[in-house]
Each structure stands twice: as C-alpha cells, then as structure tokens.
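S.K.: Sequence first, predicted coordinates after that:
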Amino acid sequence: MICHYVRMKVSRKTAELIKYSSHKKQKKTVMSKELEKVEKKIEQKKRELERLKRRQEREERRNNKEAYLDLVDRQIKLSMPKVKFISDQIREVKEEMFNNFKAAIEMKRDLYGERIDSNQTHTFTNKEQNQRITLIRYMLDDWDDTVTAGLDLVKQRLESYAVDENSASLVRQLLTLISKNKKGDLRANSVLRLRKFAEERNDEEMMEAVSIIESAYNPILSKTSIKVEQKNEVGAWVAIPLSATDA
C-alpha cells in the first residue's frame, strides 16, 4: 500500500511538472512571438525614419539648389550693369585715343616715310619720357581674287629653276611659301621671302608675278588694343591695368 501511494504521488508530481513545463514552453513561445512582433515594428519604424530622412535630405538639397540659383541670378543682375558700363567706357576711350592719334600718325608718316604704313603698332612717348601709349591694330591676311593669277605665274617660274636634284629641292621649299595653310590662308611674310628670292636673282619675270600677289593683298582689321605705361619710382615701365585680369 505504501509503495502504491508513493508511486501515485510521484506520478502526480511528474504530471504537474510536465504540465508546468508545457505551460512554460507555451508562455515562452508567446513571449517570443510578441518579441518578434516588437522587433518587426522597430525595423519598420527604422525604415520609415530612413525614408523620411532621405526625403528631408532631398528636399533640403532642392531648397539649397534653388537658393544657390537665386543667389547667382541676383549677383549676375547686380554685376552685369557695372561690367557693361566699364566695358563701354574702355571701348569709348580706345576709339577716342585712336581718333586723337590719327594726326600724330600722319605727321609720323611725313617724318619717316610711307614705310610706317606697314607697321600696325605705334608707340607715343611724352617729352618727359615717363609716360607712353601704344596703339595696336591686329590684321588678318586677306587677298582679292587676282592673287590666283600671281600665284600661278610664281609657280611656273619656280618650276623652271628645277634643273637638277639640288635645285628641285630648293624649288620644293619655295613652293611651300605659296601654299595656303590649314585655314586656306596665304601668309603675307611668305610673299616677302619670294620677293627677296626674285631680287637676289634679278628675275624680272618673278618680280612681276610677286607684284601681282602684293597688289592683291587686302588685309582685314581683326581688332584693336591699347597699352598705357608709366615709369615707377625706379624708372621701370609699368603697365596701367586695362583688363580685369591685370587690375
């Protein structure tokens, strides 16, 4: 009887333990599921916060870009009238200086001869020799249609000099002088070298052909500029800045 009673009590205790253990597992499972839900909610919240942060950053960049464009636009509107005013002033002064020195250039021509016409740079210095102004005209080489006839005559005359290999090599070099560059332009200094070649050989036929080319010369004014200088305390010439780069 005692043994039976003991076995019954042990069985009951075991059943209680099993029940408790099962209940504990169920409770743990429920807690685990709840925890998983909480973690998912946390992750979802974090993703929402990240999306919100990126949206705010995009909006901030967009606002900053608009602010930048507004700032640039405002500064350009403020600066352009001033720059245009200065540019107009410089252009007017430059035109006035070229007009004012026309008489000086004419007198220079009378004093030094017609050869100054080939010089597109004229420098004028005051009596004290401490201030000077340089007027510069930039010219582009150009020719009228008659230049072709002169070039053909020069080519024919040069080819007649090719009697052997040495002379043929010289002729090829000279022919490059009347060849146009990549832009299709004939260089004026090349014509001067042809003139020198013809004069050294006293070749009247060649000189006549070169004269045709020279008479076809019709340079085009590209641009003008002025350079204003004065001497400093040690006697060195110093340019007065006339551009935004030099000022």
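M.R.: That came in fine, so what should we check first?
S.K.: right, and the helix or strand after the helix or strand hosting Q89?
M.R.: Assigned by DSSP states H and E, Q89 belongs to helix 2-100. Going down the chain from helix 2-100, the next helix or strand is helix 102-112, by DSSP H and E.
S.K.: Alpha carbons only: can I get that next one in PDB?
M.R.: Extracted as PDB, the C-alpha positions of helix 102-112 are listed here (Å, rounded to 0.1, in the frame of the first residue of the first chain):
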ATOM      1  CA  LYS A 102      45.400 109.900 -86.300                       C
ATOM      2  CA  ALA A 103      47.100 113.300 -86.700                       C
ATOM      3  CA  ALA A 104      50.200 112.100 -85.000                       C
ATOM      4  CA  ILE A 105      50.400 109.000 -87.200                       C
ATOM      5  CA  GLU A 106      50.000 111.300 -90.300                       C
ATOM      6  CA  MET A 107      52.900 113.500 -89.000                       C
ATOM      7  CA  LYS A 108      54.900 110.400 -88.300                       C
ATOM      8  CA  ARG A 109      54.300 109.300 -92.000                       C
ATOM      9  CA  ASP A 110      55.600 112.700 -93.200                       C
ATOM     10  CA  LEU A 111      58.600 112.500 -91.000                       C
ATOM     11  CA  TYR A 112      59.600 108.900 -91.500                       C
END
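S.K.: which regions of this protein lie under the pLDDT threshold?
M.R.: For the chain, applying pLDDT under 70 flags the ranges 1-33, 113-119, 181-184, 246-247.
S.K.: Please report how far the most centrally placed residue in it lies from W237.
M.R.: Nearest to the geometric centre of the chain sits T245, at 14.5 Å (Cα atoms, centre = their mean). Note on T245: its distance to W237, by Cβ to Cβ, to the nearest Å, is 19 Å. No exception for glycine: its C-beta is placed from N, CA and C like everyone else's.
S.K.: Does the nearest residue to V93 once chain neighbours are set aside belong to a helix, a strand or coil?
M.R.: In space, and not counting its chain neighbours, V93 is closest to I226: 8.0 Å by Cβ to Cβ, 6 or more residues apart in numbering. At I226, secondary structure determined by DSSP: H, G, I helix; E, B strand; the rest coil is strand.
S.K.: OK, contacts around I226?
M.R.: Counting by Cβ atoms under 8 Å, 6 or more residues apart in numbering, I226 makes contact with V93, K94, M97, F98, I133, T134, L135, I136, L242.
S.K.: Can I get those residues in a markdown table including neighbour count?
M.R.: Converted to a markdown table, the contacts of I226 look like this (neighbours: other Cβ atoms under 10 Å):
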| residue | neighbour count |
| --- | --- |
| V93 | 13 |
| K94 | 15 |
| M97 | 15 |
| F98 | 15 |
| I133 | 19 |
| T134 | 15 |
| L135 | 21 |
| I136 | 13 |
| L242 | 15 |
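S.K.: and of those, the nearest to M206?
M.R.: I136 (33.8 Å; Cβ to Cβ).
S.K.: now that closest one, what's its secondary structure?
M.R.: strand.
S.K.: my read: it touches K227, true?
M.R.: Yes. Counting by Cβ atoms under 8 Å, I136 does reach K227; the two are 6.9 Å apart.
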